[in-house]
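*Asks:* Take this sequence and fold it.
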Amino acid sequence: MRIMAVDYGDSRTGLAICDMSETLASPYSVIHEKNTDMLIKKIAAEAVENEIAEIIVGNPVNMNGTRGASSEKCVKFADKLTKSVRVPVLMWDERSTTVLANTLLNEADKRGKKRKSIVDAAAAAVILEGYLSYRKNKVR
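*Replies:* Sure, this is the predicted structure:
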């Protein structure tokens, strides 16, 4: 099944999608939208177009495991998204995903404007990779 990950942000939101075998998580796109309702409509449309069966929303939990303001925003966003799509929407711990995405982009020598335009999608791919790994290990 195809799964989409969402790295929600106030002005840029990254999307990643996996292949049908749930093996490869790939950055898909970055949506530049500040209006939450419009953002949700765009994500819902992408989910339908790409035949997504499940959506994972990154949850920026604090390093000590507590939920801060950013986490609360993401939970509210996921709740709204749930009402607009016909597939399950799950929260996934995204601690350090943007840091890892930046490290991967450094290794790929992506800098400047190129980096800014893809870092959110790369972070979504890192979120999705973590979730896919969990699913694979959970099944075993």
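*Asks:* OK, contacts around Arg86?
*Replies:* By Cβ atoms under 8 Å, 6 or more residues apart in numbering, no residues touch Arg86. Heads up, the C-betas are built off the backbone N, CA and C, glycines and all.
*Asks:* for the chain, which spans come out with low pLDDT?
*Replies:* Scanning the chain for pLDDT under 70 picks out the ranges 63, 96-117, 139-140.
*Asks:* rerun at 50
*Replies:* 115 (pLDDT under 50).
*Asks:* Buried residues, the top helix by length along the chain. List them.
*Replies:* When the chain is parsed with DSSP state H, its longest helix is helix 112-139. The neighbour-count check on helix 112-139 (16 or more other Cβ atoms under 10 Å) flags 115, 118-132 as buried.
*Asks:* out of the residues you listed, who's nearest Ile56?
*Replies:* Distances from Ile56 to the buried residues of helix 112-139, taken as Cβ to Cβ, are shortest for Tyr131 (5.0 Å).
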